[in-house]
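In: sequence and predicted structure, then a few things I'm wondering about:
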Amino acid sequence: MADEPRLRHVTGATASGLHRLAYAEWGDPRNPEVLVCVHSLTRTGRDFDRLARALADRYRVVCPDMPGRGASDRLAQPMEYQIPTYVGDIVTLIARLDVERVDWLGTSMGALIGMAFASLEGTPVRRLVLNEAGPLVPAAALERISTYLGKAPPFADFEAAERYLRRVAAPFGPHSDDEWALLTRNVVRQRPDRQWEFSYDPAIAVPFNATQPHQDVDLWPLYDRIRCPTLVIRGAESDLLQRETVAEMQRRGPRARAVELPGIGHAPTLMHADQIALVRDFLLA
């Protein structure tokens, strides 16, 4: 099992032009059993490195950087940073992978994309893991995210960037110093002036804040069309995925299996052995 992934890219398209979608691929490239892992709003596919290593014995694990994040291109029109664009890119990516079925793991934004994709007629999604997002996103959580989205200042050094991330990402829960450094490294880059900045396009905040004041996002019609086995993971301290929403997810649509993780908010990083085991056990059941 490789210690590092293969780094590849595929070309996506929007009304404003073409863009490069980068992805990391783990495991046997001939394996038809594919797991697609999609990150949260400002993160990258490399957040799944530990999980991908743990599952590469059974899966070809594919972890894209969605447009405007990581090694992928930024979009010319900020209003295209929305779920329909991301679903279109995933369709292109799966065509490149040349498989008929995929399992899906999405964190936050990646879970919302997964719900939209799994709800489509003829979807290739066979199993679905929704990490810390569901069909109702409260306005209060969106407002909290808007207080820092696209507003991070440049940092004098890597350590200052890490301190900032530890503060805004405190709901991720307890992590070691090495893990916080890794979580920071996945989302920052050094500029020519030797200062550090987050690598995502600040313009992703444009569609995010297009409706003011923020309103609850209701995706129940999408969720109710999902038919594949579904696992929802909730951080017990979450403000984005409410306990009442999870209970309703267990009663309707795919009738998701639910797990709540104590001492964590939005969102579990899936870096730790117990969290990885939850995902593995569900996907391989």
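Out: Sure, I can see it.

In: could you pull up the residues touching P207?
Out: P78, M79, Y81, Q82 (C-beta atoms under 8 Å, 6 or more residues apart in numbering). Heads up, the C-betas are built off the backbone N, CA and C, glycines and all.

In: change it to 6 Å
Out: M79, Y81, Q82 (C-beta atoms under 6 Å, 6 or more residues apart in numbering).

In: same question, A116
Out: With C-beta under 6 Å, 6+ apart, A116 has these contacts: I83, V87, L222.

In: most neighbours of all those residues, which one?
Out: L222 (18 neighbours; other C-beta atoms under 10 Å).

In: doesn't that one belong to a helix?
Out: Yes. Membership of L222 in a helix is supported by DSSP: H, G, I helix; E, B strand; the rest coil.

In: burial of the closest residue to it other than its chain neighbours, as a residue count?
Out: In space, and not counting its chain neighbours, L222 is closest to S119: 4.2 Å by C-beta to C-beta, 6 or more residues apart in numbering. S119 has 21 neighbours, counted by other C-beta under 10 Å.

In: got a list of what S119 touches?
Out: Counting by C-beta under 6 Å, 6+ apart, S119 touches L222, R225, I226.

In: got a pLDDT number for it?
Out: S119 carries a pLDDT value of 98.

In: for the remainder of this discussion, apply numbering that starts at 561.
Out: Understood, numbering begins at 561; the last thing we discussed is S679.

In: measure it to L601 for me?
Out: 20 Å (C-beta to C-beta, to the nearest Å).

In: so what's the backbone phi/psi at the most centrally placed residue in the chain?
Out: Closest residue to the average C-alpha location of the chain: H599 at 1.9 Å, with C-alpha atoms, centre = their mean. Phi and psi for H599, reported as degrees, to the nearest 10, are phi -80, psi 180.

In: can you verify my assumption that it contacts A671?
Out: No. Using C-beta atoms under 6 Å as the test, H599 is too far from A671 to be in contact (10.2 Å).

In: mind listing what's buried in the longest helix anywhere in the chain?
Out: Taking DSSP state H as the assignment, the helix of the chain that covers the most residues is helix 643-657. By 16 or more other C-beta atoms under 10 Å, the buried positions in helix 643-657 come out as I643, T645, Y646, D649, I650, L653, I654, L657.

In: for F732, see how far away the closest residue to M626 other than its chain neighbours is.
Out: Among residues not flanking M626 along the chain, Y646 sits closest, at 5.6 Å (C-beta to C-beta, 6+ apart). Distance, Y646 to F732, using C-beta to C-beta: 22 Å.
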